[in-house]
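1. give me coordinates for this.
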Amino acid sequence: MAMTCKNYVELIGVVGAIQNSVISGQKICRISLATNRAYKDSDGCAVISTTWFSIRFWETKECKIPEDLKKGDKLRIEGRIDVLKYVNPDGIAQTMYEIAAKRIEKIDQMEPLQMEE
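-> Numbers count the residues shown, from 1 in each chain. The predicted structure is shown next:
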């Protein structure tokens, strides 16, 4: 049986910073997106852990950047994980993970946070 490999991610979260620009006539939007995870620690205390993701989205005819996108908006993002490698100003090799979004959808409300088992 052949195994299929796929680089796919779906995130639902809250918008932080937004940076819109135009490169070679095409709109690009970079946002930070916060997702939350609820669980109980070893002492049984409830913990909410927030993870921030860097999102890059090139606007296409099929999928537009929401005109009224703002900090605090709730989004559903579909895309892939890109690995970016670079050397910082101090000469140290760095690796960064970024979500290359193919679809951005504003949502009215988020599902309530469920405690992980």
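2. list the beta-bridge partners for Trp58.
-> For Trp58, the beta-bridge partners under DSSP bridges are Ile28.
3. from what I see, it and Gln26 are in contact.
-> Yes - using Cβ atoms under 8 Å, Trp58 is in contact with Gln26, at 6.1 Å. Every C-beta, even on glycine, is put in place using the N, C-alpha and C of the backbone.
4. more crowded one of those two?
-> Trp58 (14 against 10; other Cβ atoms under 10 Å).
5. how about the more buried one, what does it touch?
-> 26-28 (Cβ atoms under 8 Å, 6 or more residues apart in numbering).
6. quick one: low-confidence parts of the protein?
-> For the chain, the stretches with pLDDT under 70 are 1, 110-115, 117.
7. how about a cut-off of 90?
-> Within the chain, the segments meeting pLDDT under 90 span 1-5, 59-68, 108-117.
8. can you pull out the helices in it?
-> Applying DSSP state H to the chain gives no helices.
9. where exactly do the strands run in it?
-> In the chain, the segments counted as strands under DSSP state E are 9-23, 26-40, 46-58, 74-87, 93-107.
10. who wins for proximity to Glu116 among those strands?
-> Among these, strand 26-40 comes nearest to Glu116, with 4.4 Å by Cβ to Cβ.
11. next, the buried residues of that closest one.
-> By neighbour count on 16 or more other Cβ atoms under 10 Å, the buried set for strand 26-40 is 29, 31-33.
12. contacting residues around it?
-> 11-22, 46-59, 65, 69, 75, 77, 99, 104, 113-116.
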